[in-house]
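*Asks:* what would the 3D arrangement of this be:
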Amino acid sequence: MSHDAADQQLVRDHLDHLHQPQALSGSQQAEFKQRIKDLLVRENAVIVAHYYTDPIIQELAEETGGCVSDSLEMARFGRDNPASTLVVAGVKFMGETAKILSPEKRVLMPTLEATCSLDIGCPADEFSAFCDQHPDRTVVVYANTSAAVKARADWVVTSSIALKVVEHLDAQGEKILWAPDKHLGSYVQRETGADVLMWDGACIVHEEFKAKGLEDLKQVYPDAAILVHPESPEPVVKMADYVGSTSQIIHAAETLPNKQFIVATDQGIFYKLQQQIPDKEFIVAPTAGSGATCRSCANCPWMAMNGLDNLANVLETGASEVFVDQLLGEQAMKPLTRMLNFSAGK
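*Replies:* The predicted model follows:
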């Protein structure tokens, strides 16, 4: 089943209308940071930020007792933190997930326009019809999907637990319907040998990494280990010394003996890599070179929409609040809870 042309047009339409945060001077950044710190206290709020957001957002989250992590830990942190307001710095599906898991909390985002090509490319009505055509399959969806798509699923997974969940289901003899990322789905299928039927979707950032570029860069840095996110195309994944989620890539960089690493994921992760492992060198993996749009070259354009200015604004005004229909939220809560329980070994 292919949705390539329609999906690409939808993504282009979204990219053409993005509003990026304003550029700030050093003094303006300091002023915004202090203002946000005061507002977080006033609103009993905490920042839950993804590794792919701007380093200044990650730094602020850490300084104020918030969270900087992958989507799995973001979900868990938001659910368990006592703050009554969660400010989710990431993309919309992360805000929706926070609201589903904590319906009693107020969930704000710097902008509700920040979305994801995987989410855009998997409309709930089309996906539901696809599921209806294959009622014998267990529906496993990636976290990068809307609340409505999650509500249709049996399981939600993140890249950090996708392999283990599918291994578990395959051992029980279950056939899988997977959505939306075809590259991650193919990786899981190859690694587990499970019977996986895939939706046709891809991340505009990870899809632009190229094996030829990696080969050329490896000639320059022959001793560097290649760290790859499994949303990347198969030829890139096959070149990797390690394949894993953002948090797993950070752990691999800490534990592998190499002093240099070529990293094929969003370059927002470099803040945490350099912070935690300052004695090692990290090199951005090449993307599509002259053929790329560079609206997405190693940096998610929607993650880049999270800025100090719009973060301060939502705390001051209560704008950009995330709402999820109650019934939809209750339905989506089931596979999300299953995900969290599985990852916790329950």
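*Asks:* regarding residue 258, what is its secondary structure?
*Replies:* coil (DSSP: H, G, I helix; E, B strand; the rest coil).
*Asks:* next, the contact list for it, please.
*Replies:* By Cβ atoms under 8 Å, 6 or more residues apart in numbering, the contact list for residue 258 reads 223, 224, 225, 241, 280. All C-beta atoms are positioned from the backbone trio N, CA, C, and that covers glycine.
*Asks:* can you check residue 254 too?
*Replies:* 276, 277.
*Asks:* now do whichever helix or strand it is part of: distance to the chain's middle.
*Replies:* Using DSSP states H and E, residue 254 sits within helix 246-255. Remark: helix 246-255 is offset 16 Å from the chain centroid, using Cα atoms, centre = their mean, to the nearest Å.
*Asks:* which helices and strands sit right next to the next helix or strand after it?
*Replies:* Note on helix 246-255: by DSSP H and E, the next helix or strand toward the C-terminus is strand 260-264. Applying 3 or more Cβ pairs under 8 Å, 6 or more residues apart in numbering; DSSP states H and E, we find strand 260-264 packed against helix 211-220, strand 225-228, helix 246-255, helix 270-276, strand 281-284.
*Asks:* tell me which of those lies nearest to residue 90.
*Replies:* Evaluated over these, closeness to residue 90 peaks at helix 246-255, with 11.7 Å, by Cβ to Cβ.
*Asks:* related to what we said a few turns ago, closest one of the contacts of residue 258 to residue 234?
*Replies:* residue 241 (15.9 Å).
*Asks:* excluding sequence neighbours, find me the nearest residue to residue 264.
*Replies:* Excluding the flanking residues, the one nearest residue 264 by Cβ to Cβ, 6 or more residues apart in numbering is residue 285, at 3.7 Å.
*Asks:* again with residue 150
*Replies:* residue 332 (4.0 Å).
*Asks:* same deal with residue 303?
*Replies:* Per Cβ to Cβ, 6+ apart, closest to residue 303 is residue 52, 4.3 Å.
*Asks:* any idea how far residue 322 lies from residue 199?
*Replies:* For residue 322, the distance to residue 199 equals 24 Å [Cβ to Cβ, to the nearest Å].
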